[in-house]
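Enquirer: sequence plus predicted model, see below.
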Amino acid sequence: MAEVREYDYFGDRISWLDKLRMKSSLRIRRQIYDWFSQQIGGVSGKVFLDHGATPDTDRIDSNCWIRWLLEDGATVYATSPEEIQHLEQQFPGLTVVPFPPRPEQFSKLDFVTSSAVIEHVGSQSEQLQYLRDLLSLGSGILVATPNRYHWLDFHTKLPIVHWLPRRHHRTILNILGLTFWAQEKNLRLLSQRDLARLIWNVLLEKNTRYRVSWFQPKFLGAVSNLVVLARQ
């Protein structure tokens, strides 16, 4: 098996904050999953693509949607720019498809799910293209991303600083030595207004009408994640 490439976003040492993040992340992702399942009338018998699955198999919140979907009777595909072929052994029944996926690879695809990916794809124009790519694959998409206006950024573990204008935020991150997160290609956090604007701009390009629903779970007293479901 080829060596799995990954970036350890939270460092070698699992701190108390990381443990809290993982447990809370699992709880919040379950809330999102249950809301999503209710919105679409259950997942059994439907076909899903997890777009941007992580190669990590150690953290309890990694790829939890894949496990839950399979347990609930869905057909599940996964794709990622990283090497994730080993996930087929981790999750029996999962099919990994090459990245980038193409519509012709699927005879049917009900929903494309993307969790905590869009904030890592680059600039605003690249985020728009990412949404276009998702919509080209299935009849519906679910996109979840951290809320820029939660008071704590779990990527950097810094409070409030990410509320500053983006250029000032990146300047501070560079000064603090957090150069990876200071690059737009690695992190561009979104507010609800940002994400809504991206979604509607992409949907307006389509000839098909979409129904859009929102869900906003909370953590530590504020909305932690922005979740949008768009379906034909």
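Expert: Structure's in. What do you need?
Enquirer: pLDDT score for the residue of the chain most remote from its centre?
Expert: Largest separation from the mean C-alpha position in the chain: Ile175, at 28.1 Å (Cα atoms, centre = their mean). Ile175 carries a pLDDT value of 98.
Enquirer: not counting sequence-adjacent ones, nearest residue to the residue nearest to the spatial centre of the chain?
Expert: Among the residues of the chain, the one closest to the centroid is Ser115, at 1.7 Å (Cα atoms, centre = their mean). In space, and not counting its chain neighbours, Ser115 is closest to Ala144: 4.6 Å by Cβ to Cβ, 6 or more residues apart in numbering. C-betas here are computed from N, CA, C, even on glycine.
Enquirer: give me the contact list for the helix or strand hosting the one you found.
Expert: Element membership of Ala144 [criterion: DSSP states H and E] is strand 140-146. Strand 140-146 is touched from outside by 32, 36, 40, 110-119, 131, 134-135, 153-155, 189-190, 195, 199, 224-232, with contacts defined as Cβ atoms under 8 Å, 6 or more residues apart in numbering.
Enquirer: so how far is Phe215 from the residue farthest from the centre of the chain?
Expert: With the distance defined as Cβ to Cβ, to the nearest Å, Ile175 ends up 36 Å from Phe215.
Enquirer: and Trp181, how many neighbours?
Expert: 19 (other Cβ atoms under 10 Å).
Enquirer: what's near enough to touch it?
Expert: 155-156, 173, 187.
Enquirer: if I look at it, how far off is Gly140?
Expert: For Trp181 relative to Gly140 (Cβ to Cβ), the value is 31 Å.
Enquirer: go on, Leu220?
Expert: From Leu220 to Gly140 the distance is 30 Å (Cβ to Cβ).
Enquirer: which of the two has more neighbours?
Expert: Gly140 (21 against 10).
Enquirer: okay, and the beta partners of the more buried one?
Expert: For Gly140, the beta-bridge partners are Phe111, Arg231 (DSSP bridges).
Enquirer: which residues in the chain form helices?
Expert: Ranges of helices within the chain are 16-39, 64-71, 87-90, 124-135, 166-175, 179-182, 192-203, based on DSSP state H.
Enquirer: with distance to Gly52 as new columns, can those helices be given to me in a markdown table?
Expert: Shown next, in a markdown table, are the helices of the chain (distance: least, Cβ to Cβ, whole Å):
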| stretch | distance to Gly52 |
| --- | --- |
| helix 16-39 | 14 |
| helix 64-71 | 11 |
| helix 87-90 | 12 |
| helix 124-135 | 9 |
| helix 166-175 | 22 |
| helix 179-182 | 18 |
| helix 192-203 | 16 |
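Enquirer: ok, which of the ones you listed comes nearest Gly45?
Expert: helix 64-71 (11.4 Å; Cβ to Cβ).
Enquirer: contacts for the closest one?
Expert: 26, 29-30, 33, 43, 48, 50, 53, 76, 78, 87, 91-94, 113, 115.
Enquirer: show me those that map onto strands.
Expert: Those of those mapping onto strands are 48, 50, 76, 78, 113, 115, per DSSP state E.
Enquirer: and the contacts of stretch 24-42?
Expert: Taking Cβ under 8 Å, 6+ apart as the rule, stretch 24-42 contacts 43, 46, 60-61, 64-65, 68, 72, 110-111, 113, 115, 140, 142, 144, 213, 215, 217, 219, 224-225, 227, 229, 231.
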